[in-house]
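Trainee: Output the structure for:
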Amino acid sequence: MHKDRALWASLAVLALAGAAYALRETAGKGWMPGCVFRKLTGLDCPGCGMTRGTYALLHGRVAEAFSFNPVGMILLPLAMVALGIEVMGWVRGKPMPFRIKPGRWGATVVAVVVIVFWIVRNLV
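Mentor: As a prediction, this is how the structure comes out:
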């Protein structure tokens with residue numbers, strides 16, 4: 001059972017590395033998908049700019065990444081760290097001693113921040 005977890009975790013890391021490589025090597029060459037919400041409504045969704053922001057981060061352009069989606073550039077690394085901690089605990093077969101558990105209050109704060117950001121970015 002423990003080996004199965006390690007295999008799945010390894011495959012996930014490999015898939016993420018492949019996605020990062022593809023994003024790093026091919027972004028800016030016209031392959032990036034457009035936002036369906038924006039195409040339908042003309043408004044930005046809360047995630048608009050995340051692909052371009054991630055591309056900019058992969059190239060070390062932090063300020064540019066924040067200009068595309070500042071809330072996403074803060075929440076994405078936090079989510080990746082939290083996910084990484086959970087995956088490491090899953091692979092080990094027991095939770096890590098340190099976990100990021102936002103709980104109901106934290107989830108509510110994140111949801112409110114995202115919704116407010118969504119509204120403000122479309123008003124400005």
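Trainee: Could you list the low-pLDDT ranges of this structure?
Mentor: For the chain, applying pLDDT under 70 flags the ranges 1-3, 22-33.
Trainee: That one: helices as residue ranges?
Mentor: Assigned by DSSP state H, the chain shows helices spanning 2-26, 36-41, 50-58, 62-68, 70-92, 103-123.
Trainee: Using a markdown table, lay out those together with mean neighbour count.
Mentor: Using the backbone N, CA and C atoms, a C-beta is placed for each residue, glycine as well. Shown next, in a markdown table, are these (neighbours: other CB atoms under 10 Å):
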| stretch | mean neighbour count |
| --- | --- |
| helix 2-26 | 11 |
| helix 36-41 | 10 |
| helix 50-58 | 19 |
| helix 62-68 | 15 |
| helix 70-92 | 15 |
| helix 103-123 | 12 |
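Trainee: can I get the CA coordinates of stretch 39-55 in CSV?
Mentor: C-alpha atoms of stretch 39-55 as CSV (Å, rounded to 0.1, in the frame of the first residue of the first chain):
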residue,chain,number,x,y,z
LYS,A,39,-15.4,35.7,-23.8
LEU,A,40,-19.0,35.3,-22.8
THR,A,41,-19.4,38.3,-20.5
GLY,A,42,-16.6,40.7,-21.3
LEU,A,43,-15.7,40.7,-17.6
ASP,A,44,-12.7,39.2,-15.9
CYS,A,45,-13.2,36.2,-13.7
PRO,A,46,-11.3,35.8,-10.4
GLY,A,47,-8.7,33.5,-12.1
CYS,A,48,-8.1,35.7,-15.2
GLY,A,49,-4.4,36.3,-15.6
MET,A,50,-3.3,33.2,-13.7
THR,A,51,-1.8,31.4,-16.7
ARG,A,52,0.1,34.5,-17.8
GLY,A,53,1.0,35.2,-14.1
THR,A,54,2.3,31.6,-13.7
TYR,A,55,4.3,32.0,-16.9
